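**Q** sequence and predicted structure are below.
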2 protein chains.
Amino acid sequence: MPTITAATVTDLRFPTSSSLDGSDAMNGDADYSAAYVHLQTDEPGLAGYGFTFTIGRGNDLCVAAAEQRVLPLIGRDVDDVVTDLGGTYRMLQSDSQLRWLGPEKGVIHLALAAVMNAVWDLAARRARKPLWRLLVDMTPEELVDAADLTYLSDALTRDEAIEMLEHLAPTRAARVEELRATGYPCYTTSAGWLGYSDDKLRRLLHEAMDQGYRHVKLKVGADLEDDLRRLAIAREVIGWDVTLMIDANQVWDVPQAIEWVTQLAPFRPLWIEEPTSPDDALGHAAIRRAVAPIGVASGEHGMNRVLFKQMFQAGALDYCQLDSARLGSVNEILAVYLLAKKFDVPVCPHAGGVGLCELVQHLSIFDYVAVSGTLEDRVTEFVDHLHEHFVDPCVVLDGAYRLPAAPGYSAQIHVASLADYAFPDGTYWTRASAEVSVA
Amino acid sequence: MPTITAATVTDLRFPTSSSLDGSDAMNGDADYSAAYVHLQTDEPGLAGYGFTFTIGRGNDLCVAAAEQRVLPLIGRDVDDVVTDLGGTYRMLQSDSQLRWLGPEKGVIHLALAAVMNAVWDLAARRARKPLWRLLVDMTPEELVDAADLTYLSDALTRDEAIEMLEHLAPTRAARVEELRATGYPCYTTSAGWLGYSDDKLRRLLHEAMDQGYRHVKLKVGADLEDDLRRLAIAREVIGWDVTLMIDANQVWDVPQAIEWVTQLAPFRPLWIEEPTSPDDALGHAAIRRAVAPIGVASGEHGMNRVLFKQMFQAGALDYCQLDSARLGSVNEILAVYLLAKKFDVPVCPHAGGVGLCELVQHLSIFDYVAVSGTLEDRVTEFVDHLHEHFVDPCVVLDGAYRLPAAPGYSAQIHVASLADYAFPDGTYWTRASAEVSVA
């Protein structure tokens, strides 16, 4: 009977702003960061790892919040915690004083995600399964017990959720075998950051084609002339058979979004991503009606399941891009997948950042096997940055995530990376700080 | 030319959980707290005070966030800061790395509220006016320049906002004189906390009637039988001419809210407050359609102006209860007042907590004088707790807030209160901690 004995939370920051990786119309200088939770147990070799993702300043706030949110787990029996993942989530989430600071949004919710991601990692390691397999091996009732369906019953009842999952349960095994052969399809954003020159854009698009991608995504929204030129370059390189997506990172008001996207329509993008405030379900719905057949995608800043419920009820989304480090871990993500199924909206998770690809591969595999049962209109983001810091990095071949085999949620970071990039005391940051002092 | 030389942020916590003040169906053990910002200048006697309100644990997160958000103000010329309050707000808000942690919600937005509340206090003190007077003396253009209208243009344009304000500008002075005589009407929640016994409830309701209140509010939602008994006591004490409101503090799903409120309908409440998730604009709209003529009120957890825009667009609210320490200070509150005017929804601000009454009196007075021009269906919350800690406490007589006369936003807290209730090093908390150690 192992026990959770301690938890450490590390403020980990990578200096990505120096290369303009991750630059877009809203975020010009992101330092990709993680508030990284390590749950320790008294059983040798058994631990849980999880994180939330931020882009620099304020990562310390998520660390401080995670240090508070994790406290109720210390001293708890591991098996009690991992055999009642719904109860564990509700226990952590029910702190009414912390709830006031959201509720269920912002720093305290990001911190809950970090902690519960570590709990799910621990659960999968304890079961000696990759997370996707842990989920696929759960019954419909077990999955629904783990899901947070609070505030959703006007859109989805518990019975409906179970019925949807039962419908696909008998054929799960066949879809697992199919994915072993094909992988789960992904697209790349690595080519399209706004800070890259035209030459670098062109070169990276060629590389993406060479690597077998059939979807690429470009950032837009800072300057219309630049967008027109960059999209022309993209179509010149990828042709018209490869799918092109565009992403405005929330820079527009609703009328402006409609006008701007209409200007870009000749390049036939599949979707416009984050055209306006991520909180604006009705605004996304208005944009969607106006720019069809271009689709509307959003969700990486979708704060919680109640927002997604309204997005679906309002008919706001063609593509749901939930985020694995912003929602309250698998518990809340399950609820959003079930809602998406009910409303027939494909889920194409947000990824990139630090380790989001490592997490979402598990979620997408689970979705296909147990919830959606289809790959139609589904493609998961992949960004080829920072994977070298992970003990079990995701593997992408021919534009598809391969099935992870190692136990856990693929969330563990190398000890050497922690030593280098812990902020502000890691070797990279102390060296950088010393260089600034000298200069 | 005074300069902002430094800022201190204090973690201030009052042990209100020991008396069950503030207890409701969601929040059983609130320790009313404030992350309190003090902007210092090099001009003797000139400073700015502001805060956000929390209920205990996590107040330290708001303090840490406010310490980061306030940094760009240090070293700035006071007059540059206070003569361009819109620009100051945009400058603080534009930190893209902190923005990722919201955007515009949760801890980082509460911290922005604390800092900008101090800036508005500083602006009013610099002008030697109470905040309401500073606002009333601003032209329609100046007010709209200070307001954050980002993401709102599908519902309200800048020109519409100016036109609405211009319509009432010529008659502002008459309404100020009227309020000098009558005060701004308020209601009391002090009687109705869920943790109070029936006897205490009855006694406090009698006291409220003796003090001239014509509106009282009770907490509901934990147990239906208890609610029926407590509402019967309330009507027995206050009769049927006094207005009764009820508040569920977010405990219900949408269908459950409709069912429960229908059971309480015979007691003819004016409104049901926070019937479900505060994020659920469409859910509130569904409840409102189902429980009419009982009104729906919400907003104390309304995270930002984009949520309120959708609440109004969806027809979700009969009463808008914006919060002066959760929205991004007067800049964002102005936007919500203007939206409310456009959609013809009365604003009845949330108050209570620590110092919220001190803030909202200024807002309600400004609303009547410059935005709404009517008192119909308007009543502002008042809770008689913790005012003794404020240097310029609000004054309520005969169920109405009297016009504040002192310069500023009434946000300054006594130095002795800071010394007693700073957490964890104030004299109250060190004594409490010593007593626990002994016991």
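**A** Everything's here; your move.

**Q** for the stretch 251-400 of chain A, what lies in contact range of chain B?
**A** A:253-256, A:276-283, A:286, A:301, A:303-304, A:306-307, A:309-310, A:313-314 (Cβ under 8 Å from any Cβ of the partner chain). For every residue, glycine as well, the C-beta is placed using N, CA and C.

**Q** would residue A:246 count as being in a helix?
**A** No. Counting by DSSP: H, G, I helix; E, B strand; the rest coil, residue A:246 is located in no helix; its state is strand.

**Q** now do the contacts for it.
**A** A:217-220, A:227, A:231, A:264, A:269, A:271-273 (Cβ atoms under 8 Å, 6 or more residues apart in numbering or on different chains).

**Q** please apply the same query to residue A:12.
**A** With Cβ under 8 Å, 6+ apart, residue A:12 has these contacts: A:33-36, A:51, A:59, A:354, A:413, A:417-418, A:421-423, A:426.

**Q** then residue A:366?
**A** Residue A:366 neighbours (Cβ under 8 Å, 6+ apart): A:131-132, A:135-136.

**Q** packing partners for the one helix or strand residue A:173 maps to?
**A** Using DSSP states H and E, residue A:173 falls within helix A:172-182. Under the contact criterion of 3 or more Cβ pairs under 8 Å, 6 or more residues apart in numbering or on different chains; DSSP states H and E, helix A:172-182 touches no helix or strand at all.

**Q** mind listing what's buried in that helix?
**A** Residues of helix A:172-182 classed as buried by neighbour count (16 or more other Cβ atoms under 10 Å in any protein chain shown): A:172, A:175-176, A:179.

**Q** now rank the contacts of residue A:366 by neighbours and give me the top one.
**A** residue A:131 (28 neighbours; other Cβ atoms under 10 Å in any protein chain shown).

**Q** mind checking how far it is from residue A:50?
**A** From residue A:131 across to residue A:50, the span is 11 Å (Cβ to Cβ, to the nearest Å).

**Q** anything in contact with each of the two?
**A** Between them, residue A:131 and residue A:50 share these contacting residues under Cβ under 8 Å, 6+ apart: A:120-121, A:409.

**Q** so residue A:227 sits against residue A:234, correct?
**A** No. If you go by Cβ atoms under 8 Å, residue A:227 and residue A:234 don't touch, sitting 10.3 Å apart.

**Q** excluding its backbone neighbours, what's nearest whichever residue of the stretch 51-200 of chain A sits closest to chain B?
**A** In the stretch 51-200 of chain A, the residue that lies nearest chain B is residue A:106 (1.4 Å; Cβ to the nearest Cβ). Closest residue in space to residue A:106, ignoring its immediate chain neighbours: residue B:106 at 1.4 Å, by Cβ to Cβ, 6 or more residues apart in numbering or on different chains.

**Q** the residue in the stretch 301-439 of chain A positioned nearest to chain B in helix, strand or coil?
**A** For the stretch 301-439 of chain A, the residue closest to chain B is residue A:306, as judged by Cβ to the nearest Cβ, at 4.4 Å. Three-state assignment for residue A:306 (three-state DSSP): helix.

**Q** now do the same contact list for it.
**A** A:104, A:151-152, B:277, B:279-280, B:283.

**Q** so which of those residues are in helices?
**A** With helices defined by DSSP state H, the entries of these inside them are residue B:283.

**Q** need the contacts of residue A:306 in CSV with neighbour count, pLDDT and distance to residue B:72, can you?
**A** Formatted as CSV, the contacts of residue A:306 follow (neighbours: other Cβ atoms under 10 Å in any protein chain shown; pLDDT from 0 to 100; distance: Cβ to Cβ, whole Å):
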residue, neighbour count, pLDDT, distance to residue B:72
A:104, 25, 98, 29
A:151, 22, 98, 37
A:152, 26, 98, 40
B:277, 27, 98, 34
B:279, 29, 98, 30
B:280, 29, 98, 35
B:283, 30, 98, 38
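
**Q** which single one of the contacts of residue A:306 is nearest to residue A:114?
**A** residue A:104 (14.6 Å; Cβ to Cβ).

**Q** contacting residues around the closest one?
**A** Residue A:104 touches A:93, A:303-304, A:306, A:328, B:277, B:279, counting by Cβ under 8 Å, 6+ apart.

**Q** and if we set it to 7 Å?
**A** Residue A:104 makes contact with residue A:304, according to Cβ atoms under 7 Å, 6 or more residues apart in numbering or on different chains.

**Q** neighbours around the closest residue to chain B within the stretch 251-400 of chain A, how many?
**A** Of all residues in the stretch 251-400 of chain A, residue A:254 sits closest to chain B, at 3.8 Å by Cβ to the nearest Cβ. Counted with other Cβ under 10 Å, residues neighbouring residue A:254 total 24.

**Q** just the one 5 residues further on next, same as before
**A** Under the neighbour criterion other Cβ under 10 Å, residue A:259 is assigned a count of 14.

**Q** got the confidence number for it?
**A** With respect to pLDDT, residue A:259 scores 98.

**Q** tell me which helix or strand comes right after the helix or strand encompassing it.
**A** Following DSSP H and E, one finds residue A:259 within helix A:254-264. Downstream of helix A:254-264, the next assigned helix or strand under DSSP H and E is strand A:271-273.

**Q** that following strand: partners in the sheet, and parallel or antiparallel?
**A** Strand A:271-273 pairs in its sheet with strand A:243-247 (parallel), strand A:295-298 (parallel), by DSSP bridges.

**Q** make JSON lines out of those and add mean pLDDT.
**A** Below are the strands paired with strand A:271-273 laid out as JSON lines (pLDDT from 0 to 100):
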{"stretch": "strand A:243-247", "mean pLDDT": "96"}
{"stretch": "strand A:295-298", "mean pLDDT": "98"}
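
**Q** out of these, which one sits most buried?
**A** The highest mean neighbour count among these, using mean count of other Cβ atoms under 10 Å in any protein chain shown, belongs to strand A:295-298: a mean of 26.

**Q** roughly how far is that one from the heart of the chain?
**A** Put simply, strand A:295-298 sits 16 Å off its chain's centre (Cα atoms, centre = their mean, to the nearest Å).

**Q** pull the CA atoms of that strand into PDB?
**A** Output of strand A:295-298 as PDB, limited to C-alpha atoms (Å, rounded to 0.1, in the frame of the first residue of the first chain):
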ATOM      1  CA  GLY A 295     -14.800  26.800 -40.300                       C
ATOM      2  CA  VAL A 296     -14.300  28.300 -36.800                       C
ATOM      3  CA  ALA A 297     -11.900  26.700 -34.400                       C
ATOM      4  CA  SER A 298     -11.300  27.600 -30.800                       C
END
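
**Q** surely residue A:311 meets residue A:281?
**A** Yes. The criterion here is Cβ atoms under 7 Å, and residue A:311 meets it with residue A:281 at 4.8 Å.

**Q** the two: who's more crowded?
**A** Legend: neighbour count by other Cβ under 10 Å for residue A:311 and residue A:281, higher for residue A:281 (31 against 28).

**Q** name the nearest residue to residue A:281, ignoring sequence neighbours.
**A** residue A:310 (4.2 Å).

**Q** for that neighbour, phi and psi?
**A** Main-chain torsions, residue A:310, degrees, to the nearest 10: phi -70, psi -40.

**Q** tell me how far it lies from residue A:376.
**A** 25 Å.

**Q** higher neighbour count, the two?
**A** In this view residue A:310 and residue A:376 are compared by other Cβ under 10 Å, and residue A:310 has more residues nearby, 25 against 7.

**Q** the more buried one reaches residue B:282, doesn't it?
**A** Yes. With contacts counted by Cβ under 7 Å, residue A:310 reaches residue B:282, the gap being 4.9 Å.

**Q** what average pLDDT does stretch A:37-47 get?
**A** 98.
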